[in-house]
Structure formats: C-alpha cells, structure tokens
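[1] when you get a sec, could you give me coordinates for this:
(chains A and B)
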Amino acid sequence: MGLLQSLAVSIRFQIEATCGPARVGKLITPHGEVETPVFMPVGTLASVKGVPQDVLEELGVQILLGNTYHLYLRPGIEQIRKLGGLHGFMAWPRAILTDSGGFQVFSLNDLRKVTEEGVTFRSHLDGSSHCFSPESAMEAQIGLGADIIMAFDECTEYPADGDRARASMELTLRWAERSRRHFEEHKQEVPWGISRQGKQVLRFAQDDNPKEMGGGATQALFGIVQGGMDPQLRKESAERTIETGFPGYAIGGLSVGEPRALTREIVEATIEHLPADKPRYLMGVGTPEEIVEYANLGIDMMDCVLPTRAARHGLLFTSEGKVSIKQARYAADQGPLDPNCGCRVCTRYSRAYLRHLYASNEVLAQVLNTVHNLSFYLDTMRAVRHSIGLGKRACSLSGAWSRPKP
RNA sequence: GCACAGGUGGGUGAGUGGUUAAAGCCGGCAGACUGUAAAUCUGCUCCUCCUUGCGAGGUACGAAGGUUCGAAUCCUUCCCUGUGCA
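    I've put the predicted structure just below:
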C-alpha cells in the first residue's frame, strides 16, 4: 500500500478505558471531540426532523449524520459547498458524518440499477436519472465537507445466497479501493463553515481545538465491511478492507431484515477482525437495548433512525419500556412520560398533553417526542460510557428492555 | 300552518329494489418501524357461537304498516330536523 500516502491529519481516536471488549474513548475531529461509544442521530436532509440544531447541542449531540444521496438531489452538492459546506449550511458546529449513498443502493431497490461502474438511480423526487460511482460519491462527500465520510458500498440485501453475498462483498471491496484512491487524490480541508454574516461561527472547532487539528484537517474516509450473514465472508471482507486501509471501519449490511440474534452473531464475527486502535462503526443500529449491547461488544459508533422515526410515529422509549403515546389510556394521564428521565419533555409535560398533541397532529408532538427519544438514547450512551469507564459492563437504563411486557 | 330538503353503524357521509353487515373519511383498538422515498404503513372496529372461516346464526339504515321472491332503497301514515314563506 506504499503508493498512497497515509492520510494527513484528519481524525484521531484515543481509547481511554476498556472493559473486556468494550472501550470508552475520544474521537477527535476537526469539529470537536466525540466521546465514544457514541450514538449519532440521523439528519438525512441536513436536519434531524423536528429538532433545531441548538436543541441538539443542548441534548449533547456530538456528531450528526447526513446523507449524500438525499442532499445531492436537493439542494445539490454545489449549492451546499458554496454555502459553507454542510456545517455552514445547516449551522452545525460539531462533527458530521455523511453516508455515501450506499444504503440507498439497497433501500431504493425499485429505482436503481447496479453495475461494476456504480449505480444508476432514478430520483424518488422527480424520476430523473442519476449515477453514483465510488468516485462521484467521494466528490459529493468532499463537497459536503463532513468530518467523516463513508466509502461507497453496496449494502447486501437479506436474504442473499452465498454467491450473491460474495459477489456483493467483492464489489464493495473494489469500490472501497476506488473510493480511497479518489479520496486520496482529491481530499480537501474540512470547511469550518461560514455563517450568513460572513463570520466564522464554528467557534468550538476554532477555539478549543486549534492545536490538535492545526486548522488544516482533512476529512476522514471510513471503509465498510460487508459479507452478508456469513462469518467467513465477514472475516475476509474485514481483512481485505483493512488492507486497503482506512482510519475507521464500519460494519454495514446489518439491520436489513435479519433476525436480531443473527445481527449480533455477525457483529461479533466481524468485530474480532477489526483493528483495536481504530474506531468501529456499526451502521443502522439499533434499539436502546441493542446500542448498549453493541457498546459492550466494542462498537464505538452507532446511528439509527429508530429514535427519531419512532418518535414521529408516537412510539417513545422510556426507562419503563416502550410507550405508545397515541393510546387513549394516556388521555387523562397527568404523569410524566418517563418518571426517571430528566429531559425537558419529561420534566415539563404530561402524558395527557403529549397524547393530545399526537392525536391532534400537532407538529409539536413530533418535536417533543423526538427530543425525548434522542435524549433517552444519549442518556443511555452516557451511562454506558460511565460504566465502561469504571471498568463495568454497561447495562441498559432499565431492565424493562429485557423483560417481556406485562 | 304551508312548501321544499332531509332522517344510514361511535361521528361524518356514500349507497336509491338483489354479490349491502352496508364505501370512504374521522374516531377507537392493536401492531410495525433499526447507514430515513416514512407527520408513514398494516390489521381489526354491530351482537352471539364455533372447528377464527372470504364460517354459522341474530339484529340493523327515524317509527309502524304495506308492495315484492327479495327493501336502507318503492308506497302509506306518524315522529323528528333544516331552510324558505306566512
């Protein structure tokens, strides 16, 4: 691998304590430190649906996800680049990770065609035709300017037979190589992000971390391990992705409809082949109990639409289990959503009010529900870091998660 | 009092002789949601029974009668509601 220089300063990962396979650490990015294990809320369209950026900051969100495919279609990469990159555009001073669009190869099943070169998509917005290749996905992500960007991969569907899983894995490996090559040749400094007034608004990065990152930090490109549900393929995918060389590794292709026990099995089978000193990112996971479980297994980063989407659908996660706030039983319930939660929603509003907002289709229902769910997830991860830091295996905020509902 | 228009399941509202226990929507109940085509989607929602099935009975479209093989749908009377005129 001597041909390609190793990356200039992009991110650094420090492990501070471990407990078995679990670890707590710091991911130092051009836009601040991220304490790991971390849960990353999903903000596909440069927005965590329903929650303003300042509220996200107050909740303690340290890193957000954005999506290349969606932002490419609207408002367009060039537009965002001109407006200060994703950070400047959405006025988010902390870290951002963009997904490459690889997942849309999977989820937009009916609207795409995969070839060696890349993927031809039909826009879900207007039906227009677009191509994504490893190179163009890198170009787009360089334009967006997130701190961490992802290799362009193919998320293997489930179920997939052995031949299909291997072929898909091989394709992802070739795309990983192309992604890295293109990125190395074209990578740029992460834009600080410029506000409307022309001032630098991203003071956190500027003031608190200038020496760490030297102000000239580049983006970091992570590789993605595929291999379907076959531990052998996973091993091979991990080893060969590592050979290509990335500052962090993601486990992709899970949470695609397989049984949960299998997800865990594959995570364990994959994780043992990933380097201990690099961040490990499990993509698309999971429920509150799952994120705890995976942190215990040594996963450092996770993201999932579940807390935000479920919130908009009236499903709330609490220390006492799931609460479907839409139910009429809460119509006169004056109690807090979660008596053990200190979030701004639980300390201020009643279940009856939240239920009313939901039933009335008020936008505020989505806002408050999302704030609570994110708060619950972030609290859970804080507790996990605390426990692992103390050398204890983390446990879920409540046993409710592992108990069957009464 | 007269003239029109109406009275349908928890609400609203289709249906004007037979595949109608009765569309759709709302409400109610249950469920799904895991790198966001998702403020979305899926069931169920008269009663009883069972072998839970495009199952068997029973009720049901203001009330009571009638016509008809068959009526929410046609006729008669009554009750009620809205609008207009006195």
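
[2] could you show which parts of the stretch 1-150 of chain A are in contact with RNA strand B?
    Contacts of the stretch 1-150 of chain A with RNA strand B, taken as CB under 7 Å from any atom of the strand, map to A:42-44, A:48-49, A:65, A:67, A:70, A:99-100, A:102-104, A:106-111, A:124, A:150. Yep, even glycine has a C-beta here, placed from its N, CA and C like the rest.

[3] swap the cut-off to 6 Å and go again
    By CB under 6 Å from any atom of the strand, the residues of the stretch 1-150 of chain A that approach RNA strand B are A:42, A:44, A:49, A:65, A:67, A:99-100, A:102-104, A:106-108, A:110-111, A:124, A:150.

[4] what about the nearest residue to A:Ser128 once chain neighbours are set aside, how many residues nearby?
    The spatial neighbour of A:Ser128 that comes closest, neighbours along the chain excluded (CB to CB, 6 or more residues apart in numbering), is A:Arg122 at 7.0 Å. A:Arg122: 15 surrounding residues under other CB atoms under 10 Å.

[5] next, A:Arg122: phi, psi?
    Per-residue torsions, A:Arg122: phi -110, psi 130 (degrees, to the nearest 10).

[6] hmm, A:Gln104 and it touching each other?
    No: assessed by CB atoms under 8 Å, A:Arg122 is found out of contact with A:Gln104, at 11.2 Å.

[7] common neighbours of these two, please.
    The contact sets of A:Arg122 and A:Gln104 overlap at A:Arg112 (CB atoms under 8 Å, 6 or more residues apart in numbering).

[8] just to revisit the earlier point, bridge partners for the residue nearest to A:Ser128, pull those for me.
    Assessed by DSSP bridges, A:Arg122 has beta-bridge partners A:Ser129.

[9] how much space between it and A:Ser360?
    37 Å (CB to CB, to the nearest Å).

[10] do A:Leu56 as well
    Counting by CB to CB, the gap between A:Leu56 and A:Ser360 amounts to 25 Å.

[11] the two: who's more crowded?
    Legend: neighbour count by other CB under 10 Å for A:Leu56 and A:Ser360, higher for A:Leu56 (21 against 9).

[12] residue contacts, the more buried one?
    Taking CB under 8 Å, 6+ apart, one finds A:Pro41, A:Val48, A:Leu64, A:Trp92, A:Leu374 in contact with A:Leu56.

[13] same question for A:Ala176.
    A:Ala176 touches A:Pro134, A:Ala151, A:Asp153, A:Gly223, A:Ile224, A:Thr241, A:Thr244, A:Phe246, counting by CB under 8 Å, 6+ apart.

[14] ok, it to A:Val114 distance?
    From A:Ala176 over to A:Val114 the distance is 15 Å, taken as CB to CB.

[15] about what we covered before: can you pull the contacts of the residue nearest to A:Ser128?
    A:Arg122 makes contact with A:Leu111, A:Arg112, A:Ser128, A:Ser129, A:His130 under the criterion CB under 8 Å, 6+ apart.

[16] can I have the buried ones of these as a ChimeraX selection?
    Remark: buried members of the contacts of A:Arg122, expressed as a ChimeraX selection using 16 or more other CB atoms under 10 Å:
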select /A:112,130
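
[17] turn the contacts of A:Arg122 into TSV, including pLDDT.
    Formatted as TSV, the contacts of A:Arg122 follow (pLDDT from 0 to 100):
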residue	pLDDT
A:Leu111	86
A:Arg112	89
A:Ser128	92
A:Ser129	92
A:His130	93
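
[18] and of the contacts of A:Arg122, the nearest to RNA strand B?
    A:Leu111 (5.1 Å; CB to the nearest atom of the strand).

[19] quick revisit: distance to A:Ser324 added to the contacts of A:Arg122, as a markdown table?
    As requested, the contacts of A:Arg122 are arranged in a markdown table below (distance: CB to CB, whole Å):
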| residue | distance to A:Ser324 |
| --- | --- |
| A:Leu111 | 32 |
| A:Arg112 | 34 |
| A:Ser128 | 39 |
| A:Ser129 | 41 |
| A:His130 | 38 |
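
[20] need the three-state assignment for A:Pro339.
    coil (DSSP: H, G, I helix; E, B strand; the rest coil).

[21] what separation do you get for it and A:Ser396?
    Noted for A:Pro339: a distance of 17 Å to A:Ser396, by CB to CB.

[22] pull the most distant pair out of the contacts of A:Leu56.
    Farthest-apart pair in the contacts of A:Leu56 is A:Trp92 and A:Leu374; separation 14.5 Å (CB to CB).

[23] how confident was the prediction at A:Val190?
    Note for A:Val190: predicted pLDDT of 82.
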